[in-house]
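[1] Predicted model follows, preceded by the sequence.
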Amino acid sequence: MNSNDLVQAMDPAGASAVDEPALIAALRRGEEWAFEAMVRIYGGRLLAVARRICGNEEDARDALQSAYLSAFRGVQRFEGTCQLSTWLHRIVVNMALMRLRTRRRKPEEQMETLLPAFQEDGHHVEQFSEWAMPADRLLEREDARAAVRSCIAQLPESYRQVLLLRDIEELTTDEVARMLCATPTAIKVRLHRARQALSTLLRREFVR
């Protein structure tokens, strides 16, 4: 069997046609064509994940290359309890986060200016609607996509990470907590604050 026999189509829609058990078996045997097929099938989507988390092309590509190397070394331990694409996704997310930890974070104090302010009577200083649409839904709207990406990029890094991992990559709270070495409660609080800040940034963007 070769990569042409394994995959009916190499576009993202054709990924569902992959014979994963055959591909995994070939990867475990160390067959070169299997790794080439893995990169061709999943590479585009994995690079997009790395870009969303890292925020720039150079770091994203470095994270993806590290993920491929990690997958190569760890494929013998892959138990097949989830899809290969899910396993690869987790590896890329971890590598992208590791890449981020080597960079200087934006000051967390920036976050305070993006959160709702309150009057002495407890009412909001600014009138606004609550968070109504998740970031992943907003990114599906062509007219809003660029603005949403720009606003997400402005969030302090620790908050941007949580928003991306929960709302965009759709990881569970417990998964994000393990990846970021935080408690689930801390992740929930950070996500709530990140959503509020993103809402503020989006309002400013659309008004402008």
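    That came in fine, so what should we check first?

[2] Centroid-nearest residue for the chain?
    Nearest residue to the geometric centre of the chain (C-alpha atoms, centre = their mean): E169, 4.3 Å.

[3] didn't that one look like it was pressed against V93?
    Yes. If you go by C-beta atoms under 8 Å, E169 and V93 touch, sitting 6.2 Å apart. (Glycine included, C-beta is placed from N, CA and C.)

[4] any residues in contact with both of the two?
    V49, I53 (C-beta atoms under 8 Å, 6 or more residues apart in numbering).

[5] residue contacts, the residue nearest to the centre of the chain?
    V49, R52, I53, H89, V93.

[6] mind checking pLDDT for the fourth one?
    Just to be clear, that refers to H89. H89 carries a pLDDT score of 95 in this model.

[7] Distance-wise, check V162 relative to L180.
    7 Å (C-beta to C-beta, to the nearest Å).

[8] okay, those two: which has more neighbours?
    V162 (28 against 17; other C-beta atoms under 10 Å).

[9] State the number of residues packed around T185.
    Counted with other C-beta under 10 Å, T185 comes out at 10.

[10] Tell me which other helices or strands the helix or strand where it lies touches.
    Secondary structure from DSSP states H and E places T185 in helix 184-207. Counting contacts by 3 or more C-beta pairs under 8 Å, 6 or more residues apart in numbering; DSSP states H and E, helix 184-207 is packed against helix 135-140, helix 142-154, helix 157-163, helix 173-180.

[11] what comes into contact with the last one?
    Outside helix 173-180, the residues that touch it by C-beta under 8 Å, 6+ apart are 93-94, 97, 158, 161-162, 165-166, 171, 182-184, 186-188, 191.

[12] Noted, bye for now.
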